[in-house]
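Visitor: Sharing a sequence plus its predicted fold:
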Amino acid sequence: MPDEPILREKAARPSGAMHCRHGGRTAHSGGPGSGDVCAVCGEPVARHLIDLEMEFARQGVTPDTLHLHLRCFAAWEFERTKVEGAPN
């Protein structure tokens, strides 16, 4: 898995699956890795790791379900809540 700065860069990319998902989070849960691909780093979440599953609501559409490694979620949350203009 990439180092923290690389994860944060991936989480902040406009083309990433997690971009612009500031609101609409309907549910999240954690459990053993499912083998699904992480929405931030693109690597599978192995069974020996924690898999954070998040659902994002979209009006009138079935929620999007995304899987993340714990470290990838932390990087995404950091980027999502970063104050514009503040030092990194």
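Guide: Yes, it's here. Predicted model, so just to flag it, every value in this text is computed and none were measured.
Visitor: Spatially nearest residue to residue 12 (excluding sequence neighbours)?
Guide: Among residues not flanking residue 12 along the chain, residue 79 sits closest, at 4.4 Å (C-beta to C-beta, 6 or more residues apart in numbering). For every residue, glycine as well, the C-beta is placed using N, CA and C.
Visitor: what about the longest helix in this structure?
Guide: helix 70-81 (DSSP state H).
Visitor: What average pLDDT does that helix get?
Guide: Averaged across helix 70-81, pLDDT comes to 84.
Visitor: Okay, buried residues for it please.
Guide: Within helix 70-81, the residues scored as buried using 16 or more other C-beta atoms under 10 Å are 71-76, 79.
Visitor: Excluding sequence neighbours, find me the nearest residue to residue 11.
Guide: residue 76 (4.0 Å).
Visitor: That neighbour contacts residue 52, correct?
Guide: No: with contact defined as C-beta atoms under 8 Å, residue 76 does not reach residue 52; the gap is 9.8 Å.
Visitor: what residues do those two have in common as contacts?
Guide: Residues within reach of residue 76 and of residue 52 at once, by C-beta atoms under 8 Å, 6 or more residues apart in numbering, are residue 68.
Visitor: Report the spatially closest residue to residue 64, excluding sequence-adjacent ones.
Guide: Closest to residue 64 by C-beta to C-beta, 6+ apart is residue 56, at 4.8 Å.
Visitor: so how far is residue 63 from the one you found?
Guide: Distance, residue 56 to residue 63, by C-beta to C-beta, to the nearest Å: 6 Å.
Visitor: Those two: which has the busier surroundings?
Guide: Neighbour tally, residue 56 and residue 63, criterion other C-beta atoms under 10 Å: the higher count belongs to residue 56, 17 against 14.
Visitor: tilt between whichever helix or strand that one is part of and helix 70-81?
Guide: According to DSSP states H and E, residue 56 maps onto strand 50-58. Orientation check (axes from the mean of the first three to the mean of the last three C-alpha atoms, to 10 degrees): strand 50-58 against helix 70-81 gives 40 degrees.
Visitor: partner strands of strand 50-58, parallel or antiparallel?
Guide: Taking DSSP bridges as the criterion, strand 50-58 forms sheet pairs with strand 25-32 (antiparallel), strand 61-69 (antiparallel).
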